[in-house]
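# give me coordinates for this.
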Amino acid sequence: MAEPGAKRGWLFASLRGYQAAWLSGDLVAALTLAAIAIPEQLATAKLAGMPAFAGLLAFVAGSLAIAAFGANRFMSVGADSTIAPIIAGALTPMAAAAGGSTSYAGMVIMMTLTCGLILLIAGLLRGGWIADLISTPVIIGFLAGVSAHIIIGQLPVALGVTAFGDSLVERLVSIARQLPNANPYPLAVAAGVLIVTMLAERLSGRVPGALIGIALSALAVWLFGMRGHGVAMLEPLPIAAPHAAFTLPTLDQFILVLPIALIVALVCMMQTAVVARSFPSEASVPDDISRDYLAVGVGSIISALLGAFAVNASPPRTAVVRESGGRSQLVGLAAVALVVVVAFFLASAFALIPEAALSGILIFVGLRIFRVAEMRRIYRYGDYEFLLLLASAALVVLLPIQIGVTMAILLSLAHSIYIIARPDCAVLSRVSGTTVWWKEPGGATGEQVPGVLVFAPGAPIHFTNAAYVRGKLNAAITAMPEPCRLVVIEANGVIDVDYTGSQVLQAAIAELKARGIAVALARLETPRAQRAAEVTGLIAALGSDHVFRSVEDAIRAKGPAGSTG
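Numbers count the residues shown, from 1 in each chain. Below you'll find the predicted structure:
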């Protein structure tokens, strides 16, 4: 029997057509996932400024939502270290400025519900394309900046010192000044957990290095009596069943958290799309990313109702599910059951865990999302886009994190707009002995037809670039060695024409005709562009007899006598 398609049906799609032979692999993967997720979720809750138990609630909410509503068979959803520092960095000063009228936890819950609604709407409106607006260099730079926030934010706990300052740079300077007063005991705990976790990852993704590190740290604290040497411990987890902790926000509160919710939602969209494309349910069939957005949104809504914080798709946990032999979302459901058992029957054991152990795990997470290999590839093959990476990282590091993330996203959008607004407009030449018209590399001049200009805009003709394209066309005509008699617009790269772009081109065509220069259009191939050219009046301005399937056909029909090759 073929593996079940993740997109069939609406509820629990990955369980449709389930085979008994998959059960053992799913249960092993669930045990591995729970062993890795429990310490990670506790640490992420700490990073978000929320109680440790909130991390487990977020994992439960995210896992149930992706299993019930998601398209991807492997995706693990829960508390995430990418968005946690954004939440804490943005809402902590807001809660302080509110003067106690709204608690920090209350603001987190309001933001989480708002974020969930945004993702839910994006999923229902088939918004899977939204993640494509952010370029890879900007994402890698953004993650590098978040990595710096995570690592520097955990150094005070690991070193046993107090950081001062509002900005990340100020806190780093403060930590550096206090290095002579660092406490070696929490440092040893954090370093030990970090080393164990890194070694376990190098050995196998299935080895729960974080869990092993935490167990060893608890043993070391007991053996060496570290409690008396400034090693702080976690509190026992609350054993009461979770209950709805949400109250409807006022309009002012909603407006206050909306910008942060939009930022967090966009980051969730980017990361969810990356996870879905990296670990597709079926290698030959793209996943329904919009449906995964919906599932992550539902997970955040459930998380808010339970008193926790926003959830996100996790690349490392998703990799663990697949590498451990998981075949369906039964892995996540079984992992939830294990987490519930641990929370209710082993709650007191969490008081044995040193806080520095969670710092070691978070430092590992920070190092992991600092993607050096990808940075090297962008540096080697990305040309100027490496500067986008550096700029994105600098924005997130140097500015308050919510502002830095917003600016990094706007930087990516500005880069996309610039590419469209200033497209490559080429003058083509005929490849000798053929009817192929091509841009010669390195500025070389190929075979030309006297009096004929073959001009190729390299982008859709929109309001952002129409005047620029017209200027390039006029410059190319001026640069011709002989008077121009025919302009052929080679439109293979023109996949769309909007009203403004069409009006600018029509004005250019009228001006050229007044100068005695004929204008033809060749290779306008996409149905969307053809329809737009017809509807906006561009074809009428040219004349239907001036539209051709190839450049050579246009030159034969409208060029000077003897111009064919």
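
# where do the strands of the stretch 401-550 of the chain begin and end?
Using DSSP state E, counting those that start in this stretch, the strands of the stretch 401-550 of the chain run over residues 425-427, 429-430, 437-438, 452-457, 486-490, 518-522, 547-548.

# put together TSV for the ones you listed, with distance to Leu179 on each row.
For every residue, glycine as well, the C-beta is placed using N, CA and C. Formatted as TSV, the strands of the stretch 401-550 of the chain follow (distance: least, C-beta to C-beta, whole Å):
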stretch	distance to Leu179
strand 425-427	56
strand 429-430	65
strand 437-438	62
strand 452-457	58
strand 486-490	64
strand 518-522	68
strand 547-548	72
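
# quick one, which of those strands gets closest to Gly127.
Nearest to Gly127 among the strands of the stretch 401-550 of the chain is strand 452-457; the distance by C-beta to C-beta comes to 29.1 Å.

# elements contacting that closest one?
Where contact means 3 or more C-beta pairs under 8 Å, 6 or more residues apart in numbering; DSSP states H and E, strand 452-457 is packed against strand 425-427, helix 466-478, strand 486-490.

# next secondary structure element downstream of the helix or strand of the chain with the lowest mean pLDDT?
For the chain, using mean pLDDT, DSSP states H and E, the weakest element among its helices and strands is helix 315-323, scoring a mean of 79. Sequence-wise, the next helix or strand downstream of helix 315-323 (DSSP states H and E) is helix 330-345.

# and Thr250, which of the helices and strands packed on strand 452-457 is closest to it?
Per C-beta to C-beta, nearest to Thr250 of these: helix 466-478, 45.8 Å.

# please tell me how far Ile353 sits from Phe164.
Ile353 is 27 Å from Phe164, where distance means C-beta to C-beta, to the nearest Å.

# contact partners of the least confident helix or strand of the chain?
29, 32-33, 36-37, 40, 72, 74-76, 78, 205-206, 271, 274-275, 278-279, 331-332, 368 (C-beta atoms under 8 Å, 6 or more residues apart in numbering).

# what do you get for stretch 350-361?
Residues external to stretch 350-361 that are found in contact with it (C-beta under 8 Å, 6+ apart): 39-40, 42-43, 46, 52, 154, 157-158, 186-187, 189-194, 197, 210, 213-214, 217-218, 221-222, 226, 231-237.

# settle it for me: which of Ile353 and Phe164 has more neighbours?
Neighbour tally, Ile353 and Phe164, criterion other C-beta atoms under 10 Å: the higher count belongs to Ile353, 21 against 13.

# in space, what's closest to that one - neighbours in sequence excluded?
In this structure, Ile353 finds its nearest non-sequential neighbour in Leu234, 4.7 Å apart by C-beta to C-beta, 6 or more residues apart in numbering.

# name the residues of stretch 174-193 that are buried.
Neighbour-count burial for stretch 174-193 flags 175, 178, 182-183, 185-193 (criterion: 16 or more other C-beta atoms under 10 Å).

# meant to ask about stretch 479-492, not that
By 16+ other C-beta under 10 Å, the buried positions in stretch 479-492 come out as Cys484, Arg485, Leu486, Val487, Val488, Ile489, Glu490, Ala491, Asn492.

# residue contacts, the nearest residue to Phe463 once chain neighbours are set aside?
Once flanking residues are discounted, Phe463 sits nearest to Thr500: 3.6 Å by C-beta to C-beta, 6+ apart. By C-beta under 8 Å, 6+ apart, the contact set of Thr500 is His462, Phe463, Ala466.

# from Glu552, how far off is Thr500?
According to C-beta to C-beta, Thr500 stands 31 Å off from Glu552.

# on that earlier part again, put the buried members of the contacts of helix 315-323 into a ChimeraX selection.
A single ChimeraX command selects the buried members of the contacts of helix 315-323 (16+ other C-beta under 10 Å):
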select :29,32,33,36,37,40,72,74,75,76,78,205,206,271,274,275,279,331,332,368
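
# assign a three-state SS to the most centrally placed residue in the chain, would you?
The centroid of the chain falls nearest to Met270 when counting by C-alpha atoms, centre = their mean (2.3 Å). Using DSSP: H, G, I helix; E, B strand; the rest coil, the secondary structure recorded for Met270 is helix.

# ok, the nearest residue to it once chain neighbours are set aside - contacts?
Excluding the flanking residues, the one nearest Met270 by C-beta to C-beta, 6+ apart is Ala131, at 4.9 Å. Listed by C-beta under 8 Å, 6+ apart, the contact set of Ala131 reads Met269, Met270, Thr272, Ala273, Val274, Ile289.

# could you measure from the closest residue to Trp10 other than its chain neighbours over to Asp166?
The shortest distance from Trp10 to any non-neighbouring residue, by C-beta to C-beta, 6+ apart, is to Phe69 (7.3 Å). For Phe69, the distance to Asp166 equals 40 Å [C-beta to C-beta].

# the two: which is more packed in?
A count of neighbours by other C-beta under 10 Å puts Phe69 above the other of Phe69 and Asp166, at 22 against 9.

# surely that one touches Ala295?
Yes. Counting by C-beta atoms under 8 Å, Phe69 does reach Ala295; the two are 4.0 Å apart.

# got a list of what the residue nearest to Ala95 when sequence neighbours are not counted touches?
Spatially, and ignoring its direct neighbours in sequence, Ala95 is nearest to Tyr104 (4.0 Å; C-beta to C-beta, 6+ apart). With contact set as C-beta under 8 Å, 6+ apart, Tyr104 has these partners: Gly49, Leu91, Thr92, Ala95.

# need these in JSON lines (columns: neighbour count, distance to Met110 and pLDDT).
Shown next, in JSON lines, are the contacts of Tyr104 (neighbours: other C-beta atoms under 10 Å; distance: C-beta to C-beta, whole Å; pLDDT from 0 to 100):
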{"residue": "Gly49", "neighbour count": "19", "distance to Met110": "15", "pLDDT": "90"}
{"residue": "Leu91", "neighbour count": "26", "distance to Met110": "9", "pLDDT": "89"}
{"residue": "Thr92", "neighbour count": "14", "distance to Met110": "14", "pLDDT": "87"}
{"residue": "Ala95", "neighbour count": "18", "distance to Met110": "11", "pLDDT": "81"}
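
# so Ala37 lies in a helix, does it not?
Yes. If the criterion is three-state DSSP, then Ala37 is within a helix.

# three-state assignment of the closest residue to it other than its chain neighbours?
In this structure, Ala37 finds its nearest non-sequential neighbour in Phe59, 5.6 Å apart by C-beta to C-beta, 6+ apart. Secondary structure, three-state DSSP: Phe59 is helix.

# near Glu511, how many other residues are there?
Applying other C-beta under 10 Å, we find 13 residues neighbouring Glu511.

# look up how far Leu473 lies from it.
Distance, Glu511 to Leu473, using C-beta to C-beta: 10 Å.
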